[in-house]
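Engineer: next input, structure requested:
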Amino acid sequence: MGILVTRPEESGQILTAMLNREGIAAIHAPFIKIASGEQLNQLPQKLQQLNPNVKVICVSQYAVHYAQQVLQNTGFVWRSDLDYLAVGRKTAMLLSEVSQQPVHYPFAQENSEGLLALSLLQHCQDKQILILRGQQGRELLPDQLLQRGANVEMVACYHRELQQLDETELTIFSRAGIDTIVVTSGEILRYLLDFIPKSEHNWLLNCKLVVISDRIAQLAIQAGWQEDKVILTEKADNLSLLKTILSFYPHSRDK
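Structural biologist: Presented below is the predicted three-dimensional model:
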């Protein structure tokens, strides 16, 4: 028995270590690497050109990280006369830390749907909004804001690169007794389906999936997972993932 953590970068390493400390065998295998986006260098100038009180939305911690990096490298700072929003608490905390500005975020539903429900985004007719996101991100947020009459501009601050593993490496997971997989994006789910050898798909579809959004849960069910095999966390952060896993997974403290 074991858990495969596919969350990229340091966040995935931290979650794996947290699980190991609880006596759960966990392997970190980030199928996706995060890298700077093609439009990132345009960000300093775009921020400087914004009118006061324009809303700037960061969709993830990666967007904040790469935005802060390019601002530091070019000698720019986060402006104090803009309104900052974030999709979730962790992203909001990071953005507030680097910008030294207050950041609004949805408390109850930390995703694009929750953000769109905020009163700050209800009256957007002719309002300018800048979204800092990844390349090929979800279109729900910009699409809905455009429908509300906003003038939406986006900067792709980062992108995801597939980490190509050979078939032997991908087969090891089933041989290692992995029975639960942490999936934190639709891209990772598609990777599992596309690159795990077809001969291993019976094992794959019998694994429990721990996912961070209803959207990913629905994608998994559509791909063939039974509904009771797909477990949705309350929030997307590592503590929520750990709490969810501990609620159903045998670990050393149960013994």
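Engineer: I figured residue 61 hits residue 91, correct?
Structural biologist: Yes: between residue 61 and residue 91 there is a contact under C-beta atoms under 8 Å: 5.1 Å. No exception for glycine: its C-beta is placed from N, CA and C like everyone else's.
Engineer: ok, these two, which is more surrounded?
Structural biologist: Neighbours per residue (other C-beta atoms under 10 Å) separate residue 61 from residue 91, with residue 91 holding more: 25 against 22.
Engineer: for the protein, give me the ranges with low pLDDT.
Structural biologist: 252-255 (pLDDT under 70).
Engineer: try 80 this time
Structural biologist: In the predicted model of the chain, residues 136-138, 164-170, 251-255 satisfy pLDDT under 80.
Engineer: in the stretch 101-250 of the chain, which spans are helices?
Structural biologist: With DSSP state H, counting those that start in this stretch as the criterion, the stretch 101-250 of the chain has helices at 112-116, 140-147, 167-175, 186-195, 201-206, 214-223, 238-248.
Engineer: which secondary structure elements does the third one contact?
Structural biologist: Read it as helix 167-175. Contact analysis of helix 167-175 by 3 or more C-beta pairs under 8 Å, 6 or more residues apart in numbering; DSSP states H and E lists no helix or strand as a packing neighbour.
Engineer: which positions in it come out as buried?
Structural biologist: 170-171, 173-174 (16 or more other C-beta atoms under 10 Å).
Engineer: repeat for the longest one
Structural biologist: Residues of helix 238-248 classed as buried by neighbour count (16+ other C-beta under 10 Å): 238, 241-242, 244-246.
Engineer: and these, which is closest to residue 40?
Structural biologist: residue 238 (25.6 Å; C-beta to C-beta).
Engineer: which stretch of helix or strand covers the nearest residue to the closest one once chain neighbours are set aside?
Structural biologist: The shortest distance from residue 238 to any non-neighbouring residue, by C-beta to C-beta, 6 or more residues apart in numbering, is to residue 15 (4.6 Å). Using DSSP states H and E, residue 15 maps to helix 9-21.
Engineer: run the chain-centre distance for the top strand by length along the chain.
Structural biologist: The strand spanning the most residues in the chain, taking DSSP state E as the definition, is strand 151-162. Mean-position distance between strand 151-162 and its chain equals 13 Å (C-alpha atoms, centre = their mean, to the nearest Å).
Engineer: next: stretch 31-49.
Structural biologist: 17 Å.
Engineer: so which bits of that stretch are buried?
Structural biologist: Using 16+ other C-beta under 10 Å as the test for burial, stretch 31-49 gives 31-32, 34, 36-37, 39-40, 43-44, 47.
Engineer: just these: which are in strands?
Structural biologist: Per DSSP E, the buried residues of stretch 31-49 map to strands at 32, 34, 36.
Engineer: any idea what the second one is bridged to?
Structural biologist: Listed by DSSP bridges, the beta-bridge partners for residue 34 are residue 160.
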